[in-house]
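Student: build me a model from this:
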Amino acid sequence: MTQHDITLDETAIRIDLAAALRLACRAEWHEGVANHFSAAVSADGRKFVINPRWVHWSRVKASDLVLCDVDDPATMERDDAPDPSAWAIHSALHATLPQARVALHMHPPYITALCCLKDPTIKPIEQVTARFFNRTAYDMDFGGVATSEAEGARIASTIGPHEYVMMANHGVTTLGATVAEAYDALYHMERAGKTLMLAYASGQPLNVLSDEMAESVAQAWEEGRAERFAHFAEMKRVLDRNEPDYKD
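Tutor: Modelled structure (predicted):
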């Protein structure tokens, strides 16, 4: 694909998604050359770009992202076919969930550790954990490595209208209208996981907020959505200084 084949909007989306991949790598959330970030580039959400198969995230550039179409049955026969798990999960998300303009799927250490507990609930014990109160889907039926379309469809069906997904024995997925919003959610999910796992490690009982207080805090997060864009813009400025080739 040449630069002339990319619309201005798609170019901006590619740059943002490449930035999110680089930032996740800098935070050491990545896992070898696995896990997948995608973003829709068509109005109906059925065409999307995704990180290339088995390329380390520290090297991914905007032009490297692979353009896919959920309605193209020959996708996995292409020379540049995405990772089978990436196709199974992300094609289903973009095909069926209107809120999945962007889908970031990872196994960051702390929130994944929480996903491996018998009760993986993000309990509201302070401000960040309370952001996810009553706003998170819990997929409790791990079906192994997600390489089949059936497993991708099953995962998508568990999410409903939510933007945050805890995947038992697996990891997490954040959805959003923009890369900025999905990245900010992923950042704070991992922070929430870290806080909870450290609190659990103390061996003392959690001091869980009341439902009323947790809901109040969650609503405050929703009212402060401008901060999510400011956060991502600042992180891109860090990349502009240290890894400007992500835009290429």
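Student: and the residue of the chain most remote from its centre, how far is that from T129?
Tutor: Here the chain reaches farthest from its C-alpha mean at Q204, the gap being 31.2 Å by CA atoms, centre = their mean. Counting by CB to CB, to the nearest Å, the gap from Q204 to T129 is 16 Å. For the C-beta atoms, the positions are set from N, CA and C on the backbone; glycine is no exception.
Student: so the closest residue to V41 other than its chain neighbours, which state does it fall into?
Tutor: Nearest non-adjacent residue to V41, counting by CB to CB, 6 or more residues apart in numbering: E10, 4.5 Å away. The local conformation at E10, judged by DSSP: H, G, I helix; E, B strand; the rest coil, is helix.
Student: E10: neighbour count?
Tutor: By other CB atoms under 10 Å, 20 other residues sit near E10.
Student: swap in S85?
Tutor: 19.
Student: okay, and it sits in which element?
Tutor: Element membership of S85 [criterion: DSSP states H and E] is helix 84-96.
Student: which intervals of this protein have sub-threshold pLDDT?
Tutor: Per-residue confidence for the chain (pLDDT under 70) gives these ranges: 1-8.
Student: identify the bridge partners of the spatially most central residue of the chain.
Tutor: In the chain, the centroid-proximal residue (CA atoms, centre = their mean) is L104; its distance is 1.9 Å. Taking DSSP bridges, one obtains F37, T174 as the residues bridged to L104.
Student: next SSE after the longest helix along the chain?
Tutor: Counting by DSSP state H, the longest helix found in the chain is helix 179-201. Moving toward the C-terminus from helix 179-201, the first helix or strand encountered (DSSP H and E) is helix 211-223.
Student: got a list of contacts for the next helix or strand after that following helix?
Tutor: Next helix or strand after helix 211-223 toward the C-terminus (DSSP H and E): helix 226-242. When contacts are defined by CB atoms under 8 Å, 6 or more residues apart in numbering, helix 226-242 is touched by residues 16, 19-20, 22-23, 178-181, 183-185, 187, 246.
Student: and if you look at stretch 184-204?
Tutor: Contacts of stretch 184-204 (CB under 8 Å, 6+ apart): 24, 27, 29, 104, 106, 108-114, 117, 122-123, 125-126, 128-129, 131-132, 163-164, 172, 174, 176, 206, 227-228, 231-232.
Student: now do the buried residues in it.
Tutor: By neighbour count on 16 or more other CB atoms under 10 Å, the buried set for stretch 184-204 is 184-197, 199.
Student: kindly check the end-to-end length of stretch 78-92 for me.
Tutor: End-to-end distance of stretch 78-92 (CA to CA, to the nearest Å): 19 Å.
Student: show me which residues of that stretch are buried.
Tutor: For stretch 78-92, using 16+ other CB under 10 Å, the buried residues are 81-83, 85-92.
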